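Asker: sharing a model prediction with you, sequence too.
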Amino acid sequence: MEPILQAKNVSKKYGKVVALDNANLELYGDEVLGVIGDNGAGKSTLIKALCGAVQPDSGEIYLDGKLVTFSSPIEARKTGIETVYQNLALSPALTIADNMFLGREIHKKGIMGKFFRVLDQSGMQELARKKLSELGLLTIQNINQQVETLSGGQRQGVAVARATAFGTKVIIMDEPTAALGVKESRRVLELINEVKSRGIPIILISHNMPHVFEVADRVHIHRLGRRLCVVKPKDYSMSDAVALMTGAKEVPTN
Amino acid sequence: MSDISKDLKEQPNFQEEIGSKDQDHHTFEIEKPNTLKKIQNFLHGNPTMVPVIILILSVITFGLIAGGKFFSAFNLSLIIQQVTIVGILAAAQTLIILTAGIDLSVAAIMVLCSVFMGKLSVQMGVPTYFAILIGIAVGALCGAFNGWLVTKFRLPPFIVTLGTWNVFFALVIFFSGSQSIRGRDIEDFAPLLHFFGERVNIYGAQFTYGSFLMILIFVVLWFVLNKTAWGRHVYAVGDDKEAAELSGIRTNRILLSVYTVAGVILAIGAWVSIGRVGSVSPTSFYEGNLDSITAVVIGGTSLFGGRGSIVGALFGALIVGVFSSGLSIAGLDVLWQRFALGCLIIIAVGIDQWIRKVSN
């Protein structure tokens, strides 16, 4: 089976610091790939290279088997790689519907829409409501509520709904549970499973081992700028993974 | 090495423990929404209501104090005439404040445009409509220059416009030669410049074409800000520039366009101001910058950007007008008008801060 998103021998240096040293990553369809690694292991640089925020010095990125290069996150998004940033990149004073379509609004038909970019607000609200209810987020009653009045978990929900709404091939989620309480984290993990069941693969970066081990199908362990190994959560315990990540344990050969 | 992994294995698994026990320990008791909280939430959802309430209250108060003299159709329409120019300045100012900027040069741009319009048509024989077009181009250019400095060099708007305020004011003196253009000369050579000063009577109320144009500007801007992609992007840029950037909005283009559009509005305001004042004076509207900011702030638009409404600025300007008219009819000295206005600004910002606390 061919990976849907693949990084091959990607390297990136910041001055003399080697952030990525011939790193590889494969993401297959219908899976949640957890990415873990110690601070400074280069996992966030790897993710930034995949979502277009960082341009690697060398190496290739393939999407659906095709070589792609991104000069910005916008370009990556156009090809179907959506990123849910840790700060969510939502505009707090705008409504849920406004936020979901920010930067890619639906315009009215005809001259008003084409030249004056008049918005099709009812159309956007309907679509936003549909996307939210698909993900089981209809507890958010009013689609015209301002995002700043939502709880942290609900905001995450809006960001995820936005990421799934536009013909998405891959979703990258950066520390989605870091700022959330126990209950809200649970909702977000359910949300990840929900998105996965819709056939959109997810790369999940997190420091929270229990969360990664709960939802990930495979766990990519990053160490010293490259992939150390990929393990299946059912074969390894969390402490094994931490030991591998920190170098306390040798990579198993099999 | 085995010690470490043993230690790790002995760590309790918190996740499992939580799963089996009470999960509610992270939720807080839901506060009973008291009346104050309800008001706060209502105002948070409808920020324009603050200036509307203040406006209604102040009209009623002055109506009671000053009686029919204040509460006549003539006086109320006179207030609208008086706030026409500040209203147009505030419309342009709102656009810029919504992007978390501020424009100290609005009045200077307006006066510069009026000098161009007057000078070209009255003293240099350029056809009036063409002089007006050049004036509007000058306004757009001045605005774009501000926007260019803000986006290209990432300078704070406060500093940029503090600089250009002086630059534009110096240009006003240079191009006008410190001379006013007399109203009679304008009437003789370029009557079109007086167009927006013409009055219509409706049941004792007196409106100028300029007042109608000001209201039209607000209606158009309301539509653009609320119903078009550009308008939503203006709010998004002011709210959180980084988030807007990540959402695919070309924030610098939005900013540049906002400053340019503001310049065009100011140039139109210049035409209206010639009609209102009658003549073109290089030293007029010297306090227009601060008056426009006052109107915007009283109108409930946040100086931190992203929040507020264009209509609020109109109400803000009207509140200022009602206060100065009411206080002077009530026979109070001008110094008390300033005093009241100052208190109003502080109260308005205080209310804004209080409303914003909803989100925390």
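Answerer: Sure thing, it's come through.
Asker: give the contact list for the closest residue to chain B within the stretch 51-200 of chain A.
Answerer: Nearest residue of the stretch 51-200 of chain A to chain B (C-beta to the nearest C-beta) works out as A:Gly103 at 3.4 Å. Just so you know, the C-beta spots here come from the backbone N, C-alpha and C atoms, and that holds for glycine as well. Residues touching A:Gly103, when contacts are defined by C-beta atoms under 8 Å, 6 or more residues apart in numbering or on different chains, comprise B:His233, B:Ala244, B:Ser247, B:Gly248, B:Ile249.
Asker: if we use 6 Å, what do you get?
Answerer: Under the criterion of C-beta atoms under 6 Å, 6 or more residues apart in numbering or on different chains, the contact partners of A:Gly103 comprise B:Ser247, B:Gly248, B:Ile249.
Asker: can you check B:Ser309 too?
Answerer: Here B:Ser309 is in contact with B:Thr48 (C-beta under 6 Å, 6+ apart).
Asker: just so I have it, where are all the strands in the chain?
Answerer: Reading this off chain A. Defined through DSSP state E, the strands belonging to chain A, from first to last, are A:5-14, A:17-27, A:32-37, A:58-63, A:66-68, A:81-84, A:170-174, A:202-205, A:218-223, A:226-231.
Asker: looking at chain B here, not the other one
Answerer: According to DSSP E, the strands that chain B contains are B:199-202, B:205-208.
Asker: from the chain's centroid, how far away is the first one?
Answerer: Here strand B:199-202 is found 27 Å from its chain centre; the criterion is C-alpha atoms, centre = their mean, to the nearest Å.
Asker: same check on stretch B:351-358?
Answerer: Between the centre of stretch B:351-358 and the centre of its chain there are 19 Å (C-alpha atoms, centre = their mean).
Asker: and for stretch A:61-75?
Answerer: Using C-alpha atoms, centre = their mean, the mean C-alpha position of stretch A:61-75 is found 15 Å from that of the whole chain.
Asker: what are the buried residues along the helix or strand bottoming out on mean pLDDT in chain A?
Answerer: Ranked by mean pLDDT, DSSP states H and E, the helix or strand of chain A with the weakest confidence is helix A:110-116, at a mean of 80. By 16 or more other C-beta atoms under 10 Å in any protein chain shown, the buried positions in helix A:110-116 come out as A:Gly113, A:Phe116.
Asker: returning to that earlier point: turn the strands of chain A into a markdown table, including mean neighbour count and mean pLDDT.
Answerer: Written out in a markdown table, the entries for the strands of chain A read as follows (neighbours: other C-beta atoms under 10 Å in any protein chain shown; pLDDT from 0 to 100):
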| stretch | mean neighbour count | mean pLDDT |
| --- | --- | --- |
| strand A:5-14 | 18 | 92 |
| strand A:17-27 | 19 | 92 |
| strand A:32-37 | 26 | 93 |
| strand A:58-63 | 16 | 93 |
| strand A:66-68 | 11 | 93 |
| strand A:81-84 | 24 | 91 |
| strand A:170-174 | 24 | 92 |
| strand A:202-205 | 25 | 93 |
| strand A:218-223 | 22 | 92 |
| strand A:226-231 | 18 | 89 |
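Asker: for those strands, which one sits closest to chain B?
Answerer: Counting by C-beta to the nearest C-beta, chain B lies closest to strand A:81-84 out of these; the figure is 8.0 Å.
Asker: direction included, what does that closest one pair against?
Answerer: According to DSSP bridges, strand A:81-84 forms sheet pairs with strand A:170-174 (parallel).
Asker: can you count the residues close to residue 240?
Answerer: Answering for chain A, as no chain was given. Look at A:Asp240: counted by other C-beta atoms under 10 Å in any protein chain shown, it has 18 neighbours.
Asker: sorry, I should have been clearer: chain B.
Answerer: Here the count is done by other C-beta under 10 Å, and B:Asp240 has 22 residues near it.
Asker: gap between the closest residue to it other than its chain neighbours and B:Leu303?
Answerer: Sequence neighbours aside, A:Ser91 is the residue nearest to B:Asp240 in space, at 5.4 Å (criterion: C-beta to C-beta, 6 or more residues apart in numbering or on different chains). If you measure A:Ser91 against B:Leu303 using C-beta to C-beta, to the nearest Å, the figure is 18 Å.
Asker: contacting chain A as well, which ones from the contacts of A:Gly103?
Answerer: With C-beta under 6 Å from any C-beta of the partner chain as the criterion, the members of the contacts of A:Gly103 in contact with chain A are B:Ser247, B:Gly248, B:Ile249.
Asker: near chain B, which residues of chain A show up?
Answerer: Within reach of chain B by C-beta under 6 Å from any C-beta, chain A has these residues: A:74, A:89-91, A:93, A:98, A:102-103, A:105, A:117-119, A:148, A:181-183, A:210, A:239, A:242-243, A:248.
Asker: show me which of the residues you listed are buried.
Answerer: Burial of the residues of chain A next to chain B was assessed by neighbour count (16+ other C-beta under 10 Å); the buried members are A:74, A:89-91, A:93, A:98, A:102-103, A:105, A:117-119, A:148, A:182, A:210, A:239, A:242-243, A:248.
Asker: looking at those residues, which are in helices?
Answerer: Of these, the ones assigned to helices by DSSP state H are A:Ile74, A:Asp98, A:Val182, A:Pro210, A:Ser239, A:Val242, A:Ala243.
Asker: now those residues in a markdown table, with pLDDT?
Answerer: Supplementary listing: those in a markdown table, determined by pLDDT from 0 to 100:
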| residue | pLDDT |
| --- | --- |
| A:Ile74 | 83 |
| A:Asp98 | 90 |
| A:Val182 | 86 |
| A:Pro210 | 91 |
| A:Ser239 | 89 |
| A:Val242 | 88 |
| A:Ala243 | 89 |
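Asker: from these, which single one is nearest B:Pro51?
Answerer: Taking C-beta to C-beta as the measure, A:Asp98 is the one of these closest to B:Pro51, at 23.0 Å.
Asker: and the nearest residue to that closest one once chain neighbours are set aside, how many neighbours?
Answerer: In space, not counting the residues next to it along the chain, A:Asp98 is nearest to B:Arg232; the distance is 5.7 Å by C-beta to C-beta, 6+ apart. The number of residues packed around B:Arg232, counting by other C-beta under 10 Å, is 26.
Asker: against A:Glu105, how distant is B:Arg232?
Answerer: Summarising the geometry, the distance separating B:Arg232 from A:Glu105, computed by C-beta to C-beta, is 7 Å.
Asker: grab the most central residue of chain A for me.
Answerer: Most central residue of chain A, judged by C-alpha distance to the mean C-alpha position with C-alpha atoms, centre = their mean, is A:Ile172 at 1.6 Å.
Asker: check contacts around the residue nearest to B:Pro51 when sequence neighbours are not counted.
Answerer: Nearest-residue entry for B:Pro51: B:Phe315, 3.7 Å, with adjacent residues in sequence omitted and distances by C-beta to C-beta, 6+ apart. When contacts are counted by C-beta under 6 Å, 6+ apart, B:Phe315 touches B:Pro51, B:Val52, B:Leu55, B:Gly299.
Asker: can you read off the pLDDT for B:Phe315?
Answerer: Residue-level confidence at B:Phe315 comes out at 94, pLDDT.
Asker: what's the answer for the one 3 residues further on, then?
Answerer: According to the model's per-residue confidence, B:Leu318 sits at a pLDDT of 94.
Asker: what's the answer for B:Glu31, then?
Answerer: Turning to B:Glu31, the model gives it a pLDDT of 51.
Asker: what's the answer for B:Thr48, then?
Answerer: Value for B:Thr48, per-residue pLDDT: 82.
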